[in-house]
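Peer 1: next comes the sequence, and after it the predicted model I'd like to discuss.
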Amino acid sequence: MPNVWSAYGYQDTPTEIVRTLIDATEVGYMAALNDIRSGDLDDEITMWRPGPS
């Protein structure tokens, strides 16, 4: 997250906003891990990692 803020000049963003964005990012990662654990990405994985042609 620090690279995102420094790249776009958000060093002076209020702490509450930064915390909210970090929390949202963490929730997204947790949801993605749950999907991986449950195998929910099986149908979409070829979009990101195509197999041999």
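Peer 2: All right, it came through fine.

Peer 1: beyond the longest helix anywhere in the chain, next helix or strand please.
Peer 2: When the chain is parsed with DSSP state H, its longest helix is helix 15-38. Using DSSP states H and E, the helix or strand that follows helix 15-38 towards the C-terminus is helix 45-48.

Peer 1: stretch 15-34 - what's its average pLDDT?
Peer 2: The average pLDDT within stretch 15-34 is 88.

Peer 1: now do the buried residues in that stretch.
Peer 2: By 16 or more other C-beta atoms under 10 Å, stretch 15-34 has no buried positions at all. C-betas here are computed from N, CA, C, even on glycine.

Peer 1: any idea how far residue 39 lies from residue 31?
Peer 2: Separation of residue 39 from residue 31 (C-beta to C-beta, to the nearest Å) stands at 14 Å.

Peer 1: what's the answer for residue 21, then?
Peer 2: Taking C-beta to C-beta, one finds residue 21 at 16 Å from residue 31.

Peer 1: cool, residue 49 as well?
Peer 2: 19 Å.

Peer 1: next up, phi/psi of residue 49, please.
Peer 2: Residue 49 adopts backbone torsions of phi -130, psi 80, taken as degrees, to the nearest 10.

Peer 1: so who does it touch?
Peer 2: By C-beta atoms under 8 Å, 6 or more residues apart in numbering, the contact set of residue 49 is empty.

Peer 1: kindly state the pLDDT recorded for it?
Peer 2: 70.
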